[in-house]
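Enquirer: Structure here, sequence nowhere to be found:
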């Protein structure tokens, strides 16, 4: 069997009957760097994707002729995820005024549909930020966005979301439209500032790991 870790062939003998999942961990633990995590696997030239990943991991490792393992530093993953979050936030914010217009015009169904999509993206952005913090820094308190701590910056989004919740509970769609059109932009700017600050810290860590060189 051929086994590659980040395109470098390694000589590894698997235990008889060992599952692919255990085999991957064994190879990474023995030959990999402790500060990198597995981000991709190819078996016999086929990428293991989400829908078939669990089933493949339970198969005996001997069922495959070639295993290729790709790893990356957590900061690289965090930076990529933050980039996606930034784009998603920008895309949904571009529709914010249109969603507000639906509520102002009494098109409640259309407004609620758009608002639901927007809040879903916001939840995804929140999750990305929370996970990225864990991968990037253990000193969140020291990070600043225009002189304010991360917690202080995120006060604006929290306030806006609570106001949206209250407007939904009272079915005050005029207030909801005003919040979205005139005030929610502040919350978007706050999230963007946090994403940029975290991405900057991630890039600094990547450069440190590369010995001061700029990442490709």
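Expert: Okay, I see it. This one's a predicted model, so the numbers in the text were calculated from it and none came from an experiment.

Enquirer: Can you give me the end-to-end span of stretch 175-183?
Expert: 11 Å (Cα to Cα, to the nearest Å).

Enquirer: pLDDT on that stretch, on average?
Expert: For stretch 175-183, mean pLDDT is 92.

Enquirer: Next, the buried residues of that stretch.
Expert: Buried residues in stretch 175-183, counted by 16 or more other Cβ atoms under 10 Å: 175-181. In short, each C-beta sits where N, CA and C put it, glycine included.

Enquirer: ditto for stretch 8-24
Expert: In stretch 8-24, counting by 16+ other Cβ under 10 Å, buried: 14, 19-21, 23-24.

Enquirer: Helices of the chain, residue ranges please.
Expert: Ranges of helices in the chain, per DSSP state H, are 20-31, 50-58, 74-93, 96-104, 108-136, 150-153, 155-169, 173-178, 184-209.

Enquirer: Any chance of CSV for those, columns distance to residue 5?
Expert: Compiled in CSV, the helices of the chain are given as follows (distance: least, Cβ to Cβ, whole Å):
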stretch, distance to residue 5
helix 20-31, 5
helix 50-58, 17
helix 74-93, 16
helix 96-104, 45
helix 108-136, 21
helix 150-153, 36
helix 155-169, 41
helix 173-178, 52
helix 184-209, 17
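
Enquirer: nearest to residue 68, of these?
Expert: helix 20-31 (10.6 Å; Cβ to Cβ).

Enquirer: Which elements pack onto the closest one?
Expert: Contacts defined by 3 or more Cβ pairs under 8 Å, 6 or more residues apart in numbering; DSSP states H and E place helix 20-31 against strand 2-5, strand 37-43, helix 50-58, strand 66-72.

Enquirer: Show residues contacting the last one.
Expert: Same thing as strand 66-72. 1-7, 20, 23-24, 27-28, 32-33, 36-45, 61 (Cβ atoms under 8 Å, 6 or more residues apart in numbering).

Enquirer: And the buried ones among the residues you listed, selectable in PyMOL?
Expert: This is how PyMOL selects the buried members of the contacts of strand 66-72, with burial counted by 16+ other Cβ under 10 Å:
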select buried, resi 3+5+20+23+24+27+28+32+36+41+43+61
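
Enquirer: Residue 90 - how many residues pack around it?
Expert: A count of nearby residues for residue 90, using other Cβ atoms under 10 Å, gives 11.

Enquirer: Flag the shaky bits of this protein, pLDDT-wise.
Expert: 209-216 (pLDDT under 70).

Enquirer: 50 instead?
Expert: The chain contains residues with pLDDT under 50 at 213-216.

Enquirer: so what are the domain limits for it?
Expert: 2-72, 75-209 (automatic domain parsing).

Enquirer: Deepest-packed of these, please.
Expert: domain 75-209 (a mean of 17; mean count of other Cβ atoms under 10 Å).

Enquirer: if I pick residue 114, what's in contact with it?
Expert: Taking Cβ under 8 Å, 6+ apart as the test, what residue 114 contacts is 95, 98-99, 102.

Enquirer: if you set the cut-off to 7 Å instead, what comes out?
Expert: Contacts for residue 114 (Cβ atoms under 7 Å, 6 or more residues apart in numbering) come out as 95, 99, 102.
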